[in-house]
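Q: With the input below, show me the fold.
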Amino acid sequence: MKLSLKTKGRRFGAGDPEVMMDINTTPLIDVMLVLLVMLIITIPIQLHAVNLEMPVGTPPASNIKPEKVQIDIDENSTVYWQGLPVSAAELEEKMNVVSTMNPQPEVHIRPNKNCQYAVFANVLSSSKRKGLGKMAVIGHEQFVQ
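A: Okay, the predicted model is just below:
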């Protein structure tokens, strides 16, 4: 009877370790890493290049040289067309004529460092409105400090 008294208070398996309810994720992570490495190895290498088919041979020589139109803006914000002072209306009219020429002449704008920016911006916007595509600002190195 002594034996039965000692075992009466104990539950069955109380001394055994508890059952784990969590999943062991270490093998799952290992398999996923191996699959990731295999995927990276099998992806083809992407080249950062653009393939262009360039024409072979020399281009035909162009005997037609485009005319150059010089627009100057002095320190008093006076606009000059080919060395002659012009008003805003005359500038618009001359740009209309130049925009219809074929080939379109190159327009070189040379502003003075001390001219008003509004005058320079007006010349640029007028040239854009008129459809002049060959524009260049000459003498920009004077603005670099």
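Q: Give me the longest helix you can find in the chain.
A: helix 26-42 (DSSP state H).
Q: Confidence-wise, which helix or strand of the chain is lowest on average?
A: Lowest by mean pLDDT, DSSP states H and E among the helices and strands of the chain is helix 2-8, with a mean of 48.
Q: Tell me how far stretch 43-61 lies from the chain's centre.
A: Computed by C-alpha atoms, centre = their mean, to the nearest Å, the chain-centroid distance of stretch 43-61 equals 21 Å.
Q: same question, stretch 83-91
A: So, by C-alpha atoms, centre = their mean, the centroid of stretch 83-91 is 37 Å from its chain's centroid.
Q: buried ones in it?
A: 86, 91 (16 or more other C-beta atoms under 10 Å). No exception for glycine: its C-beta is placed from N, CA and C like everyone else's.
Q: on that earlier part again, tell me the mean pLDDT for the longest helix of the chain?
A: Per-region confidence: helix 26-42 scores 92 on mean pLDDT.
Q: Likewise for stretch 85-98?
A: On average, stretch 85-98 scores 91.
Q: ditto for stretch 111-124
A: Regarding stretch 111-124, the rounded mean pLDDT is 89.
Q: Check the offset of that stretch from the chain's centre.
A: The mean C-alpha position of stretch 111-124 is separated from the chain mean by 28 Å, C-alpha atoms, centre = their mean.
Q: ditto for stretch 130-145
A: 22 Å.
Q: Name the residues that touch that stretch?
A: Stretch 130-145 has contacts (C-beta atoms under 8 Å, 6 or more residues apart in numbering) with 66, 92, 95-96, 98-99, 104-111, 113, 124, 127.
Q: before we move on, back to that, now do the helix or strand just after the longest helix of the chain: which elements does it pack against?
A: Scanning forward in sequence from helix 26-42 by DSSP states H and E, the next helix or strand is strand 68-73. Strand 68-73 sits against strand 79-81, strand 106-111, helix 117-130, with contacts defined as 3 or more C-beta pairs under 8 Å, 6 or more residues apart in numbering; DSSP states H and E.
Q: my read is Asn24 is in a strand, agree?
A: No: assigned with DSSP: H, G, I helix; E, B strand; the rest coil, Asn24 falls outside any strand and is coil.
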